[in-house]
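In: coords below, sequence missing:
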């Protein structure tokens, strides 16, 4: 089941959206100028990782599949 999420076709469908996010973040860093150092982790790596992980967030059709993995982290 999970292989379908990471298939070449699925990743290729997401590529334009991910590329757009990266391009936007880089453009924002360029607009801020290059006078001061940039924290690449804060300004690029974390936002991209967060965005990409949201693409894989369980929805109604995958909730059961991910439920057993997420339950220990969500129960209090």
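Out: Noted; the coordinates are in hand. No experiment lies behind these values; they were computed from the predicted model shown.

In: tell me what the longest helix along the chain is packed against?
Out: When the chain is scanned for its longest helix (criterion: DSSP state H), the result is helix 8-31. The contact analysis (3 or more CB pairs under 8 Å, 6 or more residues apart in numbering; DSSP states H and E) places helix 8-31 against helix 46-55. For glycine as for every other residue, the C-beta is placed from the backbone atoms N, C-alpha and C.

In: distance of residue 14 from residue 33?
Out: Per CB to CB, to the nearest Å, residue 14 is found 31 Å from residue 33.

In: more crowded one of these two?
Out: residue 14 (12 against 8; other CB atoms under 10 Å).

In: quick one: contacts for the more buried one?
Out: 52, 55 (CB atoms under 8 Å, 6 or more residues apart in numbering).

In: for residue 19, what are its contacts?
Out: For residue 19, no contacting residues are found, by CB under 8 Å, 6+ apart.

In: what are the phi and psi values at residue 34?
Out: phi -120, psi 30 (degrees, to the nearest 10).

In: what about it, how many neighbours?
Out: 8.

In: so for it, what's the pLDDT?
Out: Per-residue pLDDT puts residue 34 at 73.

In: let the chain start at 48 from now.
Out: Taking 48 as the first residue, the last one we looked at is residue 81.

In: got any ranges where the protein has weak pLDDT?
Out: Residues of the chain that meet the criterion pLDDT under 70 lie in 48-50, 52, 103-123.

In: same thing but 80
Out: 48-53, 81, 100-123 (pLDDT under 80).

In: residue 79 and residue 91: what is the separation?
Out: Noted for residue 79: a distance of 12 Å to residue 91, by CB to CB.

In: when the two are compared, which one has more neighbours?
Out: Neighbour comparison, residue 79 and residue 91: the larger count goes to residue 91, with 17 against 11 (by other CB under 10 Å).

In: how about the contacts made by that one?
Out: Residue 91 makes contacts with 69, 72-73, 76, as judged by CB under 8 Å, 6+ apart.

In: next, give phi and psi for it.
Out: Residue 91 adopts backbone torsions of phi -130, psi -60, taken as degrees, to the nearest 10.
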